[in-house]
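Participant: got a predicted model here, sequence first, then my questions.
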Amino acid sequence: MKVEQISIFLENRAGRLEEVTRILAETGVSIRALSLADTSDFGILRLIVSDHEKAKKALKEHGFTVGRTSVVAVEVDDRPGGLNAILQVLSAGGVNVEYMYAFVQQSSKTAIIVFRFDKTDQAIELLGQKGIRVIPGDVLYNL
Amino acid sequence: MIYDVDLETLPREDLEALQLSRLKSLVGRVHANVGFYRQKFDEMGVKPSDIRSLSDLKLLPFTEKQDLRNHYPFGLFAVPKENVVRIHASSGTTGKSTVVGYTHRDVRNWARLMARCFVASGASALDIIHNAYGYGLFTGGLGAHYGAEELGAIIVPVSGGGTKRQVMLLKDFGPTVICSTPSYALVLHEAALEAGVRIKDLPLRIGIFGAEPWTEEMRRDIEEKMGITAIDIYGLSEIMGPGVGIECCVAQKGLHIMEDHFLVEIIDPDTLEVLPPGEVGELVITTLTKEAQPLIRYRTRDITKLDITPCRCGRTFARVHRMMGRSDDMLIIRGVNVFPSQIESILLETEGVAPHYLLVVKREGNLDTLEVQVEVDEKLFSDEIKNLQRTELKIVKNIKDYLGVTAQVKLVEPRSIQRSEGKAKRILDLRKQA
């Protein structure tokens, strides 16, 4: 039920982000979701892509430092309180959110939120018990 | 085991008596035969007869690398050219190369000192020595070569380069000792793995590493990967070549200086005052027995400290700490001396990886700032900002704790720090350009 996310270390320099997207374009990899976290010196670009193995290999060949992390993608009703309902479940279960980012699907009444938890397996179990829809990697990569 | 037991274990008092008599003879010889020294002595008002005790050494002038360059190539010879049997020269990375001549006796002495070094490292006449130091004008190759023959061991004169072939020879000949730079040892280790050879499984048991600065952490890394005892050796072409000092395998703690042939002092590179044992400064060497090209108080630019406490191995020769850097590399940041090697040790300790790093020094207002750029590899990387910042803070804290300097740490992308073919460039001092 996990989703593989790749993360890339970027110095805060003009053109670095463009280089990543260019390499992905040349490799024929599509970006499904992304988030960029930054400090004054560097940033971490987190991506969910159509083919993470291929993307990782291409980026590494171009000298980027690339990491891989298992994250959880959750479908949330696009209405007030939708996210809160999920966070309540996790909070009650003692799971901490390290970071998250969200995107809304086209022509859909739901949003997808990507979570990085401190206890990934436990989080998936909790969400499952409450009938909250966790989107498997295969589905997300091919959206 | 000790090769020259009588000399290497001389009681301190007897050793100093021997040094003094050799020093007197040396001063007389250079005054009589080397115009450069005669002129310097005269300028300073020093006569050979003024040298009555070892402490009178401080009356004598220093010799600098530039003095050798100014008298290029043979101007500092103390014997007629017909008595010289060999010439070596430094690589000249920082200017015109420095030339050194040897008489027949100089070459014999050198071989004997190198034989001592092999024995100190734990080797004997029964060993096969794979010598990967370069042969030629560089002193490493021939220095180790003659020492091994003097000892009676088998020497394999591979010289540098041809890494694949070296791996094959390590496998086929089964040498028990290797001489190389520490970084080349790691290159061989990598190449061996690629060829499906585990150096750990070969008979190799001792590595004698020199010709570049390295750290204690690197020693542990080599010992663990290659399953050998890694020994630090010291020498410089201006003085002789390898064999001026070596660690003993018993303590592996500091390099014994061959004090019957070399007088050592540690000085403050700024004030030129002689420092007491234990204080960090520049190593200064006087050659007591060299015939062709003796040097008085040669400023090595190597930074270390002296340890005169008795060693477990039984040798009475003083030890110097592994070279901590070069005085020409020394950075003074808000009054604190900082060497790239110290930062390297801290980085290795903090992250356990050999990182590429660059020290950038700037002056903002009247304050010096030190920025340590560290390349982020996969071991160091995390997808969480807080982990990377924690790493930065840990490095900052360790630098503060160990060196007393507040540094900024900046994580940079792999390969963003310039690579060099030879000696790595570790410092960017922007103060000098202001």
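Facilitator: Yep, it's here. Numbers count the residues shown, from 1 in each chain, chains lettered A, B, ... in the order given.
Participant: for residue 6, what is the enclosing helix or strand?
Facilitator: Looking at chain A here, since you left the chain open. strand A:3-11 (DSSP states H and E).
Participant: you answered for a different chain; I wanted chain B.
Facilitator: helix B:5-8.
Participant: tell me which parts of chain B are close to chain A?
Facilitator: B:376-378, B:381-385, B:388-389, B:410-416 (Cβ under 8 Å from any Cβ of the partner chain). Where you see a C-beta, it was placed from the backbone N, CA and C, and this is true even at glycine.
Participant: are any of those buried, and which?
Facilitator: B:376, B:381-385, B:388-389, B:410-414 (16 or more other Cβ atoms under 10 Å in any protein chain shown).
Participant: what is the lowest-pLDDT residue among these?
Facilitator: Note: of those, the lowest pLDDT belongs to B:P414, at 82.
Participant: got the phi and psi for A:R133?
Facilitator: phi -80, psi 120 (degrees, to the nearest 10).
Participant: ugh, wrong one, A:K130
Facilitator: Main-chain torsions, A:K130, degrees, to the nearest 10: phi -90, psi 10.
Participant: contact partners for it?
Facilitator: A:K130 is in contact with A:V89, counting by Cβ atoms under 8 Å, 6 or more residues apart in numbering or on different chains.
Participant: returning to what we had before: in CSV, could you pull the C-alpha coordinates for the helix holding B:D6?
Facilitator: In CSV, the C-alpha atoms belonging to helix B:5-8 read as follows (Å, rounded to 0.1, in the frame of the first residue of the first chain):
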residue,chain,number,x,y,z
VAL,B,5,69.4,-2.1,18.5
ASP,B,6,72.5,-0.3,19.8
LEU,B,7,71.7,3.0,18.2
GLU,B,8,67.9,3.0,18.3
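Participant: hmm, who's touching that helix?
Facilitator: Contacts of helix B:5-8 (Cβ under 8 Å, 6+ apart): B:I2, B:R116, B:H256, B:D260, B:R315, B:T316, B:F317.
Participant: now, which of the residues you listed sits nearest A:A58?
Facilitator: B:H256 (53.5 Å; Cβ to Cβ).
Participant: list the residues that contact the closest one.
Facilitator: B:E8, B:A120, B:G245, B:I246, B:E247, B:C248, B:C311, B:C313, B:R315, B:F317, B:A318, B:R319.
Participant: could I get the buried ones among the residues of chain B next to chain A as CSV with secondary structure?
Facilitator: Output for these, formatted as CSV (DSSP: H, G, I helix; E, B strand; the rest coil):
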residue, secondary structure
B:V376, coil
B:F381, coil
B:S382, coil
B:D383, coil
B:E384, coil
B:I385, helix
B:L388, helix
B:Q389, helix
B:K410, strand
B:L411, strand
B:V412, strand
B:E413, coil
B:P414, coil
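Participant: tell me what the closest residue to chain B within chain A is bridged to.
Facilitator: Closest contact between chain A and chain B, by Cβ to the nearest Cβ, is at A:S7 (3.7 Å). Under the criterion DSSP bridges, A:S7 forms beta bridges with A:R46, A:G67.
Participant: likewise B:I303?
Facilitator: Bridge pairing for B:I303 - DSSP bridges - gives B:E282, B:G325.
Participant: next, count neighbours for it.
Facilitator: 24 (other Cβ atoms under 10 Å in any protein chain shown).
Participant: now do the residue sitting nearest the centre point of chain A against A:V74, distance only.
Facilitator: Centroid-nearest residue in chain A: A:V114, 4.7 Å away (criterion: Cα atoms, centre = their mean). A:V114 sits 8 Å away from A:V74, going by Cβ to Cβ, to the nearest Å.
Participant: how is chain B carved up into domains?
Facilitator: Per automatic domain parsing, the structural domains of chain B span B:1-326, B:331-433.
Participant: go through those and find the least confident stretch.
Facilitator: Among the domains of chain B, domain B:331-433 carries the lowest mean pLDDT (a mean of 83).
Participant: which stretches of chain A have low pLDDT?
Facilitator: A:107 (pLDDT under 70).
Participant: need the residues of it near chain B, please.
Facilitator: Going by Cβ under 8 Å from any Cβ, the residues of chain A near chain B are A:5, A:7, A:9-11, A:16, A:37-39, A:41-42, A:44, A:46, A:63-67, A:69, A:98-99, A:116.
Participant: please redo it, this time with the cut-off set to 6 Å
Facilitator: A:S7, A:F9, A:E11, A:A37, A:D41, A:F42, A:I44, A:G63, A:T65, A:G67, A:T69, A:E98 (Cβ under 6 Å from any Cβ of the partner chain).
Participant: ChimeraX command for the buried members of these?
Facilitator: Applied in ChimeraX, the following selects the buried portion of the residues of chain A next to chain B according to 16+ other Cβ under 10 Å:
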select /A:7,9,37,41,42,44,65,67,69,98
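Participant: find the closest residue to chain A in the stretch 301-434 of chain B.
Facilitator: B:D383 (3.7 Å).
Participant: now that residue: closest residue in space that isn't a chain neighbour?
Facilitator: Nearest non-adjacent residue to B:D383, counting by Cβ to Cβ, 6 or more residues apart in numbering or on different chains: A:S7, 3.7 Å away.
Participant: so who does the one you found touch?
Facilitator: A:I44, A:R46, A:G67, B:D383 (Cβ atoms under 6 Å, 6 or more residues apart in numbering or on different chains).
Participant: quick one, helices of the chain?
Facilitator: I went with chain A, as the question did not name one. Taking DSSP state H as the criterion, chain A contains helices spanning A:16-27, A:52-61, A:82-92, A:120-129, A:137-141.
Participant: you answered for a different chain; I wanted chain B.
Facilitator: B:5-8, B:12-33, B:35-44, B:65-70, B:104-120, B:139-151, B:163-173, B:182-194, B:216-226, B:340-351, B:385-403.
Participant: out of the ones you listed, deepest packed?
Facilitator: helix B:139-151 (a mean of 24; mean count of other Cβ atoms under 10 Å in any protein chain shown).
Participant: list the contacts of B:A407.
Facilitator: Applying Cβ under 6 Å, 6+ apart, the residues near B:A407 are B:L370, B:V372, B:I399.
Participant: hmm, the second one is touching B:L411, no?
Facilitator: Translated: B:V372. No: the pair B:V372 / B:L411 is not scored as a contact, 9.8 Å apart, by Cβ atoms under 6 Å.
Participant: shared neighbours of these two, anything?
Facilitator: By Cβ under 6 Å, 6+ apart, no residue touches both B:V372 and B:L411.
Participant: tabulate the contacts of B:A407 (a markdown table), appending distance to A:V20.
Facilitator: Shown next, in a markdown table, are the contacts of B:A407 (distance: Cβ to Cβ, whole Å):
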| residue | distance to A:V20 |
| --- | --- |
| B:L370 | 31 |
| B:V372 | 26 |
| B:I399 | 32 |
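Participant: what is the nearest of those residues to A:D51?
Facilitator: B:V372 (37.0 Å).
Participant: partners of the closest one in the sheet?
Facilitator: B:L359, B:V409.
Participant: residues in contact with it?
Facilitator: Contacts of B:V372 (Cβ under 6 Å, 6+ apart): B:L359, B:A407, B:V409.
Participant: can you count the residues close to residue 127?
Facilitator: If you meant another chain, say so; for now it's chain A. 22.
Participant: please go with chain B instead
Facilitator: There are 22 residues near B:D127, going by other Cβ under 10 Å.
Participant: with the one 3 residues further on instead?
Facilitator: Neighbourhood size, B:H130 [other Cβ under 10 Å]: 24.
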